[in-house]
Each structure stands twice: as structure tokens, then as C-alpha cells.
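A.B. asks: predicted model and sequence follow; I will ask about them next.
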Amino acid sequence: MSQITIRMATIEDAEDILKIYNPYILNSVITFEYEEISTAEFQKRISNVLSAFPWLVCLIDDKIAGYSYCSPHHVRAAYGWDCQCAVYLDPEYHKRGIGNALYEALFHIVKLQGYYNVYSLICVPNEGSVALHKRHGFKEVGYYSNTAYKFGQWRHLLIMEKLLQNTFDEPSPVKRMNELDKAVIDKITKDAAGRIH
């Protein structure tokens, strides 16, 4: 039986994460980057994200099978309670519930931090990704037509939104990752990992 773990990423994970991400850059429109990312550059990205947001990795028998993280949705101060999410899986591990488990843990954590809205920008058509986000309570709220050019074609982006908590009240300041109780985070990730088959 496989050993399955979800935990926070570290910069030491960069090389293994890039084994998943760089092929998406070169072979898909899931990301709009053109060039492969170096390990050093990706370590900086991980470090920047982890200063304020969760970046989760799923390991199956000590191999990173997928990862998910949140990042700022916009940089202006009034958007400070919004974030944007992403999830990437090693194709070898599709259809095992990894994306669902990573998202379940990720959204639980950013809600604890005090975020109100989480957004996903999806290059369409991509029925699988749209269905995944709908399973997690996302709604389609907008569309960018012909907004990016990759592989000789103009690409469209679907904007999806998930409301994490009620927006009627004035929000409290968002907590940084190091302000959260590690034991609570560990329980969230352990519970989510237990749902992977």
C-alpha cells in the first residue's frame, strides 16, 4: 500500500516540482509561460509564495505527485482579501483524487488565514479543470477573449470564483502562514491525504 502525505513545500522541493511543471510549459496551454524555469528561479517563487500563502505538495511513496498553491490575485491593497489558486499533477497520478485533496486542504488553510475570495483563471476549453473547480464550489464569473498567444493561437481564459466566507462585514487583517497553528495545518493536510486512493 502506498504511503501518501500532503505537506507544505520547501525550496528543496523545487527540482522535483519542476519535473511536473516544466512539461506543462513546453507541451500545454495550462500555463502561459514559454520557457522552462530553472531550479534557482523556482526556489525564489516558492519562497515568495510561502512568505504569505500555502504551497502544498502531495507525496506518494516519497515522490511528488502534485502540488497546489495560492498567490495574490491583484497587488492593490483593497484586493488584500482575494487570492488566486493553481494545482498541477504528474500525469502518472491523475484520477486518484490528488487534485481534490490538495484543493480541499488549500482552501481550508486560506480561509483560516482570513481570505474571502479565491479565483482561478483557466485556459478553455478544459472540461476537467472546470469540473474540478465546480466540485469545490467555484462559479464562472467572467471571460477574457483572445488574451494570450501560445502555440500559434490566441487563447481564452475563464475566470472562476469561490467565496470562502461571508463578505458582509469589515474584514480583519489576513494572517501570514507563520501566524497559523502548525498542529492545525498538519491535521488539515493529514485529513486531506487520507481521502486519496
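C.D. replies: Good, I have the coordinates. Numbering: from 1, shown residues only.

A.B. asks: any idea how far stretch 141-153 is from the chain center?
C.D. replies: 20 Å (Cα atoms, centre = their mean, to the nearest Å).

A.B. asks: sorry, slip of the keys, the one I care about is stretch 55-62.
C.D. replies: Remark: stretch 55-62 is offset 13 Å from the chain centroid, using Cα atoms, centre = their mean.

A.B. asks: hmm, who's touching it?
C.D. replies: 2-9, 13, 17, 46, 49, 64-69, 93, 98, 101-102, 105-106, 189, 193, 196 (Cβ atoms under 8 Å, 6 or more residues apart in numbering). The way it works is simple: take the backbone N, C-alpha and C, and place the C-beta from them, glycine included.

A.B. asks: go on, stretch 113-124?
C.D. replies: With Cβ under 8 Å, 6+ apart as the test, stretch 113-124 has contacts from 29-30, 32, 53, 70, 73, 81-86, 107, 110, 129-130, 133, 138, 144, 148, 155-165, 167, 171-177, 180.

A.B. asks: flag every buried residue along it.
C.D. replies: 113-124 (16 or more other Cβ atoms under 10 Å).

A.B. asks: out of those residues, which are inside strands?
C.D. replies: 117-124 (DSSP state E).

A.B. asks: want to throw those residues into JSON lines with pLDDT and distance to residue 25?
C.D. replies: Listed next are these as JSON lines, based on pLDDT from 0 to 100; distance: Cβ to Cβ, whole Å:
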{"residue": "117", "pLDDT": "98", "distance to residue 25": "27"}
{"residue": "118", "pLDDT": "99", "distance to residue 25": "23"}
{"residue": "119", "pLDDT": "99", "distance to residue 25": "21"}
{"residue": "120", "pLDDT": "99", "distance to residue 25": "18"}
{"residue": "121", "pLDDT": "98", "distance to residue 25": "16"}
{"residue": "122", "pLDDT": "98", "distance to residue 25": "16"}
{"residue": "123", "pLDDT": "98", "distance to residue 25": "13"}
{"residue": "124", "pLDDT": "98", "distance to residue 25": "19"}
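
A.B. asks: which of those sits closest to residue 41?
C.D. replies: Relative to residue 41, the closest of these is residue 121; by Cβ to Cβ it sits at 21.3 Å.

A.B. asks: beta partners of the closest one?
C.D. replies: Beta bridges link residue 121 to residue 159, judged by DSSP bridges.

A.B. asks: just to revisit the earlier point, in strands only, show me the contacts of stretch 55-62.
C.D. replies: 4-8, 64-69.

A.B. asks: just to revisit the earlier point, weed out the non-buried ones from the contacts of stretch 113-124.
C.D. replies: Burial by neighbour count, 16+ other Cβ under 10 Å: within the contacts of stretch 113-124 this picks out 53, 70, 73, 81-86, 107, 110, 129-130, 133, 138, 155-158, 160-162, 164, 174, 177.

A.B. asks: restricted to helices, list those.
C.D. replies: 107, 110, 129-130, 133 (DSSP state H).

A.B. asks: quick check: mean pLDDT of stretch 177-195?
C.D. replies: When pLDDT is averaged along stretch 177-195, the result is 97.

A.B. asks: many thanks, have a good one.
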